[in-house]
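Asker: Could you work out the structure for the sequence below:
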Amino acid sequence: MAQVDFYVLDRVDELARNTLACRLAEKAWRLENSIHIHTMSETDAKRLDELLWTFRDGSFVPHELASENNEAPISIGYGNATVTPRDLLITLCDEIPPFAETFPRVAEIVSSDADCRLKSRKRYASYRDQGHQIETHKI
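Answerer: Model (predicted):
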């Protein structure tokens, strides 16, 4: 079973959520992990692709949009695309991606928006019912 960490932000905005995804990806990469960040749409994936270049002055986070031949340690995908398992899945989706079971660690990022929290509670219950180890971190 995977270790699932819920990162609960005290902010409502989507930029804060995406920035935390970038910070987590950078930290995991520096610890020599491979990472997949999963978004809900192509637009969201491209926005995150751009943000990974600019979220922090002086940062370099090697990444690429997901494809069949990903070589970068961080891939960004969306929708129901097939994903090669990596060390960490960072999800910015409303539902658990169908391939989440193939990852040993999952990071769920939740804003303080009421709708986002409601959907995250459903994901939390689903992970719990599947027997995953869950931790919550208030940011």
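
Asker: use CA for all of it now, contacts and neighbours both
Answerer: OK.

Asker: Tell me where the model's unsure across this protein.
Answerer: Within the chain, the segments meeting pLDDT under 70 span 68-69.

Asker: try 50
Answerer: Residues of the chain meeting the criterion pLDDT under 50: none.

Asker: how about the strands in it?
Answerer: 3-8, 35-39, 63-65, 74-78, 88-91, 105-110, 133-138 (DSSP state E).

Asker: Among those, which comes closest to Leu20?
Answerer: Distance to Leu20, taken as Cα to Cα, is lowest for strand 105-110 among the strands of the chain, at 7.7 Å.

Asker: Okay, now the sheet partners of that closest one, with direction.
Answerer: Here strand 105-110 is paired, per DSSP bridges, with strand 3-8 (parallel), strand 88-91 (parallel).

Asker: Take these and lay them out in a markdown table including mean neighbour count and distance to Leu51.
Answerer: Shown next, in a markdown table, are the strands paired with strand 105-110 (neighbours: other Cα atoms under 10 Å; distance: least, Cα to Cα, whole Å):
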| stretch | mean neighbour count | distance to Leu51 |
| --- | --- | --- |
| strand 3-8 | 19 | 19 |
| strand 88-91 | 25 | 15 |
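
Asker: Let's have those in JSON lines, adding distance to Glu50.
Answerer: Putting the strands paired with strand 105-110 into JSON lines (distance: least, Cα to Cα, whole Å) gives the following:
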{"stretch": "strand 3-8", "distance to Glu50": "22"}
{"stretch": "strand 88-91", "distance to Glu50": "17"}
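
Asker: Select, out of these, the one closest to Thr43.
Answerer: Using Cα to Cα, those put strand 88-91 closest to Thr43, at 15.1 Å.

Asker: what's in contact with that closest one?
Answerer: With contacts defined as Cα atoms under 8 Å, 6 or more residues apart in numbering, strand 88-91 is touched by 21, 25, 28, 33-39, 97, 100, 103-109.

Asker: at 6 Å instead, please
Answerer: For strand 88-91, contacts defined as Cα atoms under 6 Å, 6 or more residues apart in numbering pick out 35-38, 105-108.

Asker: go on, stretch 53-71?
Answerer: 26, 72, 74-77.

Asker: and if we set it to 10 Å?
Answerer: Stretch 53-71 is touched from outside by 15, 18-20, 22-23, 25-27, 29-30, 35-38, 42, 45-46, 48-49, 52, 72-78, 81-84, with contacts defined as Cα atoms under 10 Å, 6 or more residues apart in numbering.
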